[in-house]
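*Asks:* Below are the sequence and a predicted model; questions follow.
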Amino acid sequence: MFNLFNLSPNNFSYPFTKQHFILYKQVTNQFNDPDILRYVNQLIPEKIKKEIKIQLKKGISKSINRNIFRNTSISSSYDINDAGDRNDDDGSSSTYSINVDDASSPISLSPTFVNSLEELMIWFKKDFMRWVNKNPFCDGCGKRLSLEYIPGNTWEVRGIENYYCSFCNAGFSFPRHGKIIEIADSRMGRCSEWTFLFGAMLNSLSIKTRIVHDFLDHCWNEAYIGGRWIHIDSTLAFPISFDHPSYYETNWNKEYVFVIAFSKSNLDDVTTSYTMKWNQVLNRRSKLKQKTQLNVFENFYQKI
């Protein structure tokens, strides 16, 4: 078993920890494991798999008029709770556009392919996964549950949250799994579990993905589609969940230092894709107590 704490003591500036880097290296390794991909692929509805497979064979990038995509205006009035407990709207009546809030060059995607991705995300969010609130209430009596936290020392189980009701003795256990199959079997989690499993499912459909972490309170996926990496967040309702990288900064008031993308072999600083306030990011980086440089992260990541 790989022990998170057997490596040298953490010498990164808070909130960056070596445990995060080890976890993401181990999870992205699973994105390339054929047995794991085969397992999660079997969980996806056949109709959705078939549609995506057909679109991939046809070629998802098309020379089409971008006006085909109906414009979406996303504002701070959108109803949200915490980082994954979103509106129950399944997005079936939502409109969408591609790259509406990104300064980079827009891309043209097959509308049918985007519709297939929308179906996949709606199924995953509405029908497959269950979000675990940080302060849950008892299903039986409605009282707030108490928490007993047992810390873990491996990437496989980072910790266990045991919730119990002191009034009716109900409760449940929430292990923070790093193994994708364990997450798939439990079908529960927060943004990290959702990101790990959804990333594996996309990879099982031959859509290359990686993990993105803002080192504040959230993580999500990026998928390599149409020749570039695209923001895709399974915890959000469509269309915000697809290609809206500025959403967090605009609506959640994120103040980034580093936003880092993790794949099996390397990590990348992708902060510029998620901020429109680059000078403020640079100012925050300059105030770190300890000089934190991307090459330090990269060197450590390669050694894992």
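*Replies:* Thanks, I have it.

*Asks:* Now for F128, how many residues are close by?
*Replies:* 19 (other Cβ atoms under 10 Å). C-betas here are computed from N, CA, C, even on glycine.

*Asks:* where does the closest residue to K179 other than its chain neighbours land on pLDDT?
*Replies:* Nearest non-adjacent residue to K179, counting by Cβ to Cβ, 6 or more residues apart in numbering: E156, 5.6 Å away. At E156, the pLDDT value in this model is 96.

*Asks:* okay, and for the stretch 201-304 of the chain, where does confidence drop off?
*Replies:* Scanning the stretch 201-304 of the chain for pLDDT under 70 picks out the ranges 289-292.

*Asks:* And the strands in it?
*Replies:* For the stretch 201-304 of the chain, applying DSSP state E, counting those that start in this stretch gives strands covering 209-213, 219-225, 228-232, 260-262, 267-269.

*Asks:* and the ones you listed as JSON lines, adding distance to V296 and mean neighbour count?
*Replies:* Below are the strands of the stretch 201-304 of the chain laid out as JSON lines (distance: least, Cβ to Cβ, whole Å; neighbours: other Cβ atoms under 10 Å):
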{"stretch": "strand 209-213", "distance to V296": "16", "mean neighbour count": "24"}
{"stretch": "strand 219-225", "distance to V296": "20", "mean neighbour count": "23"}
{"stretch": "strand 228-232", "distance to V296": "23", "mean neighbour count": "22"}
{"stretch": "strand 260-262", "distance to V296": "12", "mean neighbour count": "24"}
{"stretch": "strand 267-269", "distance to V296": "11", "mean neighbour count": "18"}
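
*Asks:* mind listing the helices for the stretch 151-300 of the chain?
*Replies:* 180-186, 191-204, 247-251, 278-286, 294-303 (DSSP state H, counting those that start in this stretch).

*Asks:* Just the strands from the stretch 1-150 of the chain, written as ranges.
*Replies:* 130-131, 146-151.

*Asks:* Tell me the gap between the first one and the middle of its chain.
*Replies:* The gap between where strand 130-131 is centred and where its chain is centred comes out at 14 Å by Cα atoms, centre = their mean, to the nearest Å.

*Asks:* Specify the beta-bridge partners of the residue positioned nearest the centre of the chain.
*Replies:* With distances taken as Cα atoms, centre = their mean, W220 lies nearest the centre of the chain, 1.9 Å away. Using DSSP bridges, the bridge partners assigned to W220 are V212.

*Asks:* For T209, see how far away it is.
*Replies:* 10 Å (Cβ to Cβ, to the nearest Å).

*Asks:* Now for those two: what residues contact both?
*Replies:* Taking Cβ atoms under 8 Å, 6 or more residues apart in numbering as the contact rule, W220 and T209 both touch I232.

*Asks:* Quick one: low-confidence residue ranges for the stretch 51-200 of the chain.
*Replies:* Residue ranges of the stretch 51-200 of the chain with pLDDT under 70: 61-107.

*Asks:* 90 instead, please
*Replies:* 56-112, 139-140, 153, 169 (pLDDT under 90).

*Asks:* Can you give me the buried ones in stretch 139-149?
*Replies:* For stretch 139-149, the neighbour count (16 or more other Cβ atoms under 10 Å) marks L145 as buried.

*Asks:* now what about that stretch, what contacts it?
*Replies:* Outside stretch 139-149, the residues touching it (Cβ under 8 Å, 6+ apart) are 135-138, 159-168, 170-171.

*Asks:* Buried among those? Make that a ChimeraX selection.
*Replies:* To isolate the buried members of those in ChimeraX, using 16+ other Cβ under 10 Å:
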select :136,138,161,163,164,165,171
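
*Asks:* Just give me the closest of the contacts of stretch 139-149 to T28.
*Replies:* Of all these, G159 has the smallest distance to T28: 20.6 Å, by Cβ to Cβ.
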